[in-house]
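Visitor: Prediction below, plus the sequence it came from.
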Amino acid sequence: MKLSKIIGVIVVISIIGFIFYSLQGSQSSETYFDEIKQYREEKDKMMLGEDAPFTGKADEFTGLKYFDPNPDYRISASLQPIKSKKVVRLATNDGLENRYLEYAYADFAINGVQCQLLILEIMEAGPERGTLFLAFADETSTQETYGAGRYLDIKKVPGSSSVLLDFNKAYNPYCAYSDKFSCPFPTKENILSVPIRAGEKVYH
């Protein structure tokens, strides 16, 4: 086969490959946006469920407010396990305390800034004992987002060296809507010096 034909074949294959992967990436993004949309619809339903802030108040509920989904805030963070774990006591909005056990640090960069968040493990007796807890605040707190911080659900994967932090799924604790709920505040080290314009905004 002549060199010119070989080059032509390579160019065609490259173009096909580029189109294929472009379509794959587009489909992946579309799937992700659909996932976030469904997640937020389910959150609205939860707010009207049993023992929720708007139980029996469907006529008052106007729907949760969010930043537009942004895949840049879906971050794979490096997980740094804590060997000598200590008990951490977090103050709550109603003057009480909740006890947690240090689990690991999540290290990541966002908007060019290196950040670290402390992930805790729930110690209190009950169905959530042993699950992970992450509360954080950032430069949007008290302005665009709830002043006492937001939460992220973290899946425990024993032995993993990374953790997914999807800030598009950051949500307000129930005390953001009603004083009858008890919610722990973030640790001082989990107050980030960058704005996280992703996830749930302030409701009122």
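Guide: Arrived safely, thanks for sending.

Visitor: how does the chain divide up, domain by domain?
Guide: Using automatic domain parsing, the domain parsing of the chain gives 1-46, 58-190.

Visitor: now the longest one: how far from the chain's centre is it?
Guide: The offset between the C-alpha centroid of domain 58-190 and the centroid of the whole chain comes to 8 Å, using C-alpha atoms, centre = their mean, to the nearest Å.

Visitor: Go through this protein and flag its longest strand.
Guide: Secondary structure of the chain per DSSP state E: the longest strand is strand 97-110.

Visitor: Buried residues, that strand. List them.
Guide: Asn98, Tyr100, Glu102, Tyr103, Ala104, Tyr105, Ala106, Phe108, Ile110 (16 or more other C-beta atoms under 10 Å). Heads up, the C-betas are built off the backbone N, CA and C, glycines and all.

Visitor: Pull the residues that contact it.
Guide: Applying C-beta atoms under 8 Å, 6 or more residues apart in numbering, the external contacts of strand 97-110 come out as 73, 75-82, 85-92, 114-124, 132-134, 163, 165, 184, 194, 196.

Visitor: Can you lay out the buried residues of strand 97-110 as TSV showing distance to Asp59?
Guide: As requested, the buried residues of strand 97-110 are exported to TSV (distance: C-beta to C-beta, whole Å):
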residue	distance to Asp59
Asn98	33
Tyr100	37
Glu102	44
Tyr103	41
Ala104	43
Tyr105	44
Ala106	40
Phe108	41
Ile110	39
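
Visitor: Fine by me, we can end here.
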